[in-house]
Structures are given as C-alpha cells and as structure tokens.
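Colleague: A structural model of the following input is requested.
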Amino acid sequence: MEIDNPVSSGSAMEVEQAVPSSSTAAAAPGSAPAPVSSAAGAAAAAASVTVGGGENAADLKFGPDFEDIHILSNAQVAVILQVSAKSAGNRDEELNEVYRKTQKYVERFNTMTNDEKEHQELVDELDNLQDALTTFRKETDDGHEMELHGSEVAALMNLVATDTMVEEAVALIPSLSRFPEAAIDEILDLIRSTMIRIVS
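Modeller: Predicted coordinates:
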C-alpha cells in the first residue's frame, strides 16, 4: 500500500478506509476511526453486532466493500503513516485532521513496535507474520482444509499479547472457535514469537 500525499483529502480517505480498527471493522467513509476504550472491547463489540444484509464479523460474513481487499493490522498502518508523515514533513506539508487522528489511533493500539528497531526490520517482521498467518492451514478429520480469513489475521495481530491464551483469543475473535484448540495455540505461537523478536 502506498500513500503518496497524506495531506490531500483523497489519500486521507484511502488511509482511513484501509485502516482496520481493533476489531478490523472499516471506518465509515469520510469519518475518522471511532475511539474505543480498549482493543478487546472493540473486538467484542464488533463480534456481537450484525449489520444490514446479513453481515456479521463473528461469522466472517462481510459485505461487498470487503471483497478483494488487503486488510492491514494497526502495526502495519502505523508504519505506513509514520513514513508518509515524515515525507510530508520534508515537503513542509501539514497533515490533515483525519490523517492525524488515524495515526494517533493506530499508534495507541499498536502492540508490535520498538523504536530501537530499524524500519525495514520491523516491516519485514510484520509482513512475515501476516504471510505466516495467511498461509496457515489446518486439515479437519473429514479432509476439509481450514484457513484464516484476512479479518482474523488483522484482528489476531491487533489483539494478541505474548500471554494470550486460547480461550481469550476465541473470546476476542469468536470465529476462531471453528478451529481445534491445538490449531489456535499454533497460531498464537506464531504471533508470540514475532512479538518477542520485535520487542527484544
């Protein structure tokens, strides 16, 4: 995802619509992401709400706006916004309000950050984790292959901490309940190992 001009209204809209909240729900076009008290609270709220047209995040049912899109985690969006904000500063351009609010929001809920890490090292860790979660597969007893939805990948990257247990992960992201506990634990291990590398 590239953001060429963070001060223009068009690019701000693109940033805002691409930024997943803690629950990976998209912000309404033209509005800043709604503040929430906690990432876990946002996930629980999103999981319990069914919107028009039979859409329900808990059941991985999304509308046409979520077709063929690449969902980013808060950490990935934070990195993108930091780079483009620096670029805008070098051009003596002022960031608009939506951009600044979005940046403040993702930084507030970003659990995968380390100021001492090189930028590219952090980008690589986040991309590798997203790839590992996206390609994760678990075969069921009847031979059916299960995989994570893009929204689940982003939510996991947003919400999981190094001490998150299987039960808590399922409570935060109810759609994970379709996986066996052992598979969820494998998924959590992938995230834990990345988080440890980032913060160490």
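
Colleague: what distance separates the start and the end of stretch 133-149?
Modeller: 9 Å (Cα to Cα, to the nearest Å).

Colleague: from the chain's centre, how far out does it sit?
Modeller: For stretch 133-149, the distance from its own C-alpha centre to the chain's C-alpha centre is 20 Å (Cα atoms, centre = their mean, to the nearest Å).

Colleague: what residues of it count as buried?
Modeller: Judged by neighbour count using 16 or more other Cβ atoms under 10 Å, the buried positions of stretch 133-149 are 133, 136, 138, 148-149. C-beta coordinates here come from the backbone N, C-alpha and C atoms, glycine included.

Colleague: quick one: the residue of the chain most remote from its centre and Glu152, what's the gap?
Modeller: The outermost residue of the chain relative to its centre, with distances by Cα atoms, centre = their mean, is Asp142 at 31.2 Å. Between Asp142 and Glu152 the computed distance is 21 Å (Cβ to Cβ, to the nearest Å).

Colleague: same deal with Leu172?
Modeller: 11 Å.

Colleague: farthest pair within the buried residues of stretch 133-149?
Modeller: Using Cβ to Cβ, the buried residues of stretch 133-149 span at most 13.5 Å, a distance reached by Lys138 and His149.

Colleague: distance check, Leu172 against Met112.
Modeller: Relative to Met112, and taking Cβ to Cβ, Leu172 is found at 16 Å.

Colleague: about what we covered before: what about the buried residues of stretch 133-149, which are in strands?
Modeller: The members of the buried residues of stretch 133-149 that map onto strands under DSSP state E are Lys138.

Colleague: ok, the buried residues of stretch 133-149 vs Asp124, which is closest?
Modeller: Leu133 (15.0 Å).

Colleague: residue contacts, that closest one?
Modeller: 148, 152-153, 156-157, 187, 190-191 (Cβ atoms under 8 Å, 6 or more residues apart in numbering).

Colleague: which one of those residues is nearest Glu168?
Modeller: Leu156 (11.7 Å).
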